[in-house]
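Asker: give me a 3D structure for the following:
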Amino acid sequence: MNRALGLAAAAVVGTLVLSPLASSTAQAGSTATRQQAAGHRPATLPGGYKHLVVIYEENHSFDNLYGGWGSVNGRHVEGRSDASVARQTQVDQNGDAYGCLLQDDVNLTSPPLSTRCKDSHNGGYNSHFFNRPFSIDNYIRPSDMTCPPPGAFQANGFLKGTGDPGGCTRDLVHRFYQEQYQLNGGRQNRYETGSDAVGLTMGTYKTRQLPIYRYLHQAGAPKYVLADNFHQAAFGGSFLNHQWLVAARSPFDTDPTATYTALGAPAKNSVLDANGMPTSYPQYAAGPPASGSTPGHDKVVDGQLTQSCAEIGVDKTDDYADACGDYAVNTIQPGSVPHGTGQYLPLIDDTTYPNIGDRMSDAGMTWAWYSGRWHKALQDAANASTPGYTKKAPLFQYHHQPLNYFANYAPGQPGRSHLRDEKRFFAAARGGFLPTVSFVKPYGAENEHPGYASESKGSDHLVKLLKAITNGPEAKSTLVVVTYDEFGGQWDHVSPPKVDKWGPGTRIPALVLSRSMKHSGVDHTTYDTTSILATIERSYGLEALSTRDARVHGLRNAVAIGGRR
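Answerer: Got it, this is the predicted structure:
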């Protein structure tokens, strides 16, 4: 049985078939690709930069984190104050507005907070929160002891004084079908209804108190361009958007029925109700599977894979254009170590379905993926069966390592050397030997992810990374992109552009900056995660990985707004 994992770039008809564009771009190791890269690529990135650093943070929508940024050099930023009442007001599954925001984070429920608002939904409940955005900082402060102690977990968070310092909230669901339901066709008004964290979806942070904001507005800080129309490439969560960051496509599971006895049962296809939802939540009651569902399913299923094509009336096994079949969209483990428990994907065949790392290596470019505590995670994997062994990286997120899903980056393979520890990035930035392209993925406790990371501590770590770059010997020749993998289940008022069945999804924060930018500004250009790929590809003459990165805007305009052309 073929256990390679494919990444489809177009429709599947019986067997996997690629569109002419995707087919022509799929052979990473071809002579044509090497000749194009070697003979026709420009010498530098936009603005004449020689190094690109991409810092990939976790799980915040633009309005949640940057919605209070305000203007930059007199230029307006599309923020929370621009949200219409209709886009702020959350509605139930019948389309009726809530009177209050239901809360289940232990620090936002009533008690301990007041019961000033009463709602008749779901049999009636009391809440402190009216149906509108609210400031998390007013209730959970960075100094509050609400973060999970190492190895601990509580679904609704830790009551103040029972956790570690940092002001953590509970986590929020962020999955492929749930986000599409929450967006409600661009109305942006079902975030609460489609979430396990209900009213927390409407929480926001005081932007100007964030360490990143304070850093960029102090004397001597680098100039920056805020991209206020930047969206996550695909609907859903971290696993899928990391794949789009490196491959601009959704993964296809070529062996979904295999049972991996060491790591759990086979991956499952999702089964949706008539509203497109795969499960129930406190404010949502899932109905039976929609008419046309696969025979034998009498309940919805919140699986790792997309719904079967039969459920949407497509007479195919898999269809990329309709996002149906065995495409992995929700968290699933990589086939190579290190990995967690649960379902995992067979390795992706790079020779057929390349990623940006393959493209750059084939062109002779220097590059690396730096991950916080990568070496500790490898030690944990090697000692997993040792009695009494304590993990060195208990918050290492295996599904945040997209290249570890590809065959060329498995242990012993040529690409493995490009997967490095974040400590080596700090050394390279401070020592003046950055590769041409660096991807930086902070460790779990430092990546800003709600539920297990403190927003303030994560933002502190981001500032530490930026200082290492902008104070280093290659600062003036280095362009930095800071963005987030996805929205983390949190509300934003801007409708995503409609491109295909995969996304883009909710708007997310994005900054483009450099020590040698002349001035700060705002870029209203429509971007998504694959704009980063497009910038690399167009700068160095590399072929696009899919139709998305072939068509999306690159970041050249943002650089130009900063005064570099």
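Asker: neighbours around Val463, how many?
Answerer: Using other CB atoms under 10 Å, Val463 has 18 other residues around it. For the C-beta atoms, the positions are set from N, CA and C on the backbone; glycine is no exception.
Asker: sorry, wrong one. I was asking about Arg116.
Answerer: Residues near Arg116, counting by other CB under 10 Å: 12.
Asker: and what of Gly364?
Answerer: Quick note: Gly364 (other CB under 10 Å) scores 12 neighbours.
Asker: let me know the pLDDT of it.
Answerer: With respect to pLDDT, Gly364 scores 96.
Asker: Asp315 versus that one, what's the distance?
Answerer: Between Gly364 and Asp315 the distance is 45 Å, computed by CB to CB, to the nearest Å.
Asker: right, and Val173 touches Asp196 too?
Answerer: Yes. Here Val173 lies in contact with Asp196, judged by CB atoms under 8 Å, at a distance of 4.7 Å.
Asker: what residues are shared contacts of the two?
Answerer: Tyr281 (CB atoms under 8 Å, 6 or more residues apart in numbering).
Asker: hang on, Val463 packs against Pro211?
Answerer: Yes. Between Val463 and Pro211 there is a contact under CB under 8 Å: 5.1 Å.
Asker: Arg132 against Arg87, yeah?
Answerer: No. Contact status for Arg132 versus Arg87: not in contact, 10.7 Å apart, counting by CB under 8 Å.
Asker: with neighbour numbers in mind, choose between those two.
Answerer: Neighbours per residue (other CB under 10 Å) separate Arg132 from Arg87, with Arg87 holding more: 18 against 12.
Asker: tell me the contacts of the more buried one?
Answerer: Arg187, Gln188, Asn189, His493.
Asker: in CSV, list these along with pLDDT, distance to Ala265 and neighbour count.
Answerer: Listed next are those as CSV, based on pLDDT from 0 to 100; distance: CB to CB, whole Å; neighbours: other CB atoms under 10 Å:
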residue, pLDDT, distance to Ala265, neighbour count
Arg187, 98, 37, 15
Gln188, 98, 36, 26
Asn189, 98, 36, 21
His493, 98, 39, 23
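Asker: burial count for His553?
Answerer: His553 has 17 nearby residues by other CB under 10 Å.
Asker: who's in contact with stretch 103-114?
Answerer: Contacts of stretch 103-114 (CB under 8 Å, 6+ apart): 126-129, 139-140, 144, 146, 154, 156-160, 169-170, 196-200, 282.
Asker: for that stretch, buried residues please.
Answerer: Of all the residues in stretch 103-114, those buried under the rule 16 or more other CB atoms under 10 Å are Gln103, Asp104, Asp105, Val106, Asn107, Leu108, Thr109, Ser110.
Asker: for those, which one is nearest Ala323?
Answerer: Of all these, the one with the least separation from Ala323 (CB to CB) is Asp104, at 30.5 Å.
Asker: how close does that closest one sit to Pro149?
Answerer: For Asp104 relative to Pro149 (CB to CB), the value is 21 Å.
Asker: again, but for Gln413
Answerer: Counting by CB to CB, the gap from Gln413 to Pro149 is 37 Å.
Asker: which one's more surrounded, those two?
Answerer: Neighbours were counted for Gln413 and for Pro149 using other CB under 10 Å; Gln413 has more, 14 against 11.
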